[in-house]
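All I have is the shape, not the residue letters:
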């Protein structure tokens, strides 16, 4: 086993089921490299810049509620989101990859503004925070030791006064977050914080030519989320342990039927000896 603990991030659990071998590239690239598999670096994407910007706007709202007892203005929330977007896009530079819904930087700016406004008008009035986590600080997280050198870590958005975890999602589609939310709850409980429920607020990212859809707030079955989370955590732990024993990437199941099985989405796609189900593009 490595000298340092191996983190299993809550945010990775939902995608792990789609393709464990692809997920391993993001979870343990340093361990793969030690075994001789050098995975590619993922290029920065505009979707990530938009998502983190909206989370920064959310954080501005919740921080004001928590520290001042009243929400900030809508303009302050939007300014905070836009500052974050500009900072990230400047860092990404010409390497950033755009997509069909956000084909350029200017479109992304408009989407950040209207998604943040949607959050401000609809979602934030329904949330009274008891604790928030800084979206810009990787160290501001919760964690739980699950033995054998593994820890489950999480970076929730908000814990409400009625002991619920509320997580904001952006994107073209809502990917089921139950395992991630369940992990947040389990880790919180291991730190003596009793969680009463979990929910997500989904803010769609659509083409700027279309109206901004309203947020979708969904409350999930807590017990089911926790059970799914723990089932995946156990699988991740067992797969990594098996890989550390023999260095064989087949410890992680591969899913060449996945919609994300391509060089664009997978850092291990086409790497010799690691995953060669399909030929490398080009």
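That came through fine. Note that the coordinates shown come from a computational prediction; the quantities given were computed from them, not determined experimentally.

The stretch 1-150 of the chain: helices as residue ranges?
Along the stretch 1-150 of the chain, counting by DSSP state H, counting those that start in this stretch, helices occupy 13-16, 20-27, 29-34, 46-68, 74-92, 105-118.

want to throw these into CSV with distance to residue 134, mean pLDDT and mean neighbour count?
The way it works is simple: take the backbone N, C-alpha and C, and place the C-beta from them, glycine included. Below are these laid out as CSV (distance: least, C-beta to C-beta, whole Å; pLDDT from 0 to 100; neighbours: other C-beta atoms under 10 Å):
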stretch, distance to residue 134, mean pLDDT, mean neighbour count
helix 13-16, 22, 96, 22
helix 20-27, 22, 97, 23
helix 29-34, 25, 96, 15
helix 46-68, 7, 97, 22
helix 74-92, 12, 97, 18
helix 105-118, 17, 98, 20
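
Which residue ranges of this protein form strands?
Secondary structure of the chain by DSSP state E: the strands cover 6-9, 129-132, 142-147, 150-154, 158-160, 164-171, 197-204, 216-220.

what would the ones you listed look like in a markdown table with distance to residue 92?
Shown next, in a markdown table, are these (distance: least, C-beta to C-beta, whole Å):
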| stretch | distance to residue 92 |
| --- | --- |
| strand 6-9 | 22 |
| strand 129-132 | 26 |
| strand 142-147 | 29 |
| strand 150-154 | 25 |
| strand 158-160 | 27 |
| strand 164-171 | 17 |
| strand 197-204 | 22 |
| strand 216-220 | 28 |
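
how about the ones you listed, which one is nearest residue 255?
Residue 255 lies closest to strand 6-9 among those, at 19.2 Å (C-beta to C-beta).

what about the closest one, distance to the chain center?
What separates the centre of strand 6-9 from the centre of its chain is 13 Å, taken as C-alpha atoms, centre = their mean, to the nearest Å.

Flag the shaky bits of the stretch 101-250 of the chain, pLDDT-wise.
In the prediction, the stretch 101-250 of the chain carries no residues with pLDDT under 70.

hmm, back to that, now render the helices of the stretch 1-150 of the chain as a markdown table, adding distance to residue 124.
Compiled in a markdown table, these are given as follows (distance: least, C-beta to C-beta, whole Å):
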| stretch | distance to residue 124 |
| --- | --- |
| helix 13-16 | 25 |
| helix 20-27 | 30 |
| helix 29-34 | 36 |
| helix 46-68 | 5 |
| helix 74-92 | 8 |
| helix 105-118 | 10 |
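
Near residue 73, how many other residues are there?
Neighbour count of residue 73, defined by other C-beta atoms under 10 Å: 13.

if we look at stretch 140-159, which residues are touching it?
Residues from elsewhere that reach stretch 140-159, judged by C-beta atoms under 8 Å, 6 or more residues apart in numbering: 1-2, 5-11, 55, 58-59, 62, 127, 129-135, 138, 165-168, 180, 183-184, 186-188, 190-191, 193, 195, 233, 237, 240-241.

From one end of it to the other, what's the distance?
Criterion C-alpha to C-alpha, to the nearest Å; first-to-last residue distance in stretch 140-159 is 14 Å.

Just the helices from the stretch 151-282 of the chain, written as ranges.
Using DSSP H, counting those that start in this stretch, the helices found in the stretch 151-282 of the chain span residues 178-190, 222-246.

Show me which residues of the last one are buried.
Buried positions in helix 222-246, judged by neighbour count with 16 or more other C-beta atoms under 10 Å: 222, 225-226, 228-230, 232-233, 235-237, 239-240, 243-244.

List just the nearest of those residues to residue 256.
Out of the buried residues of helix 222-246, the member with the shortest distance to residue 256 (by C-beta to C-beta) is residue 239, at 17.5 Å.

Would you enumerate the residues in contact with that closest one?
Applying C-beta under 8 Å, 6+ apart, one finds that residue 239 lies in contact with 20, 24, 251, 252, 253.

so how far is stretch 244-254 off the chain centroid?
24 Å.

Can you pull out the residues in contact with it?
Defining contact as C-beta under 8 Å, 6+ apart, one finds that stretch 244-254 is touched by 1-2, 19-24, 31-32, 35-37, 239-240, 242-243, 268, 273-275, 277.

What residues sit buried inside that stretch?
By neighbour count with 16+ other C-beta under 10 Å, stretch 244-254 contains the buried residues 244, 249, 251, 252, 254.

hang on, the earlier thing: so which of the contacts of residue 239 comes closest to residue 104?
Checking the contacts of residue 239 against residue 104 by C-beta to C-beta gives residue 24 as the nearest, at 33.2 Å.
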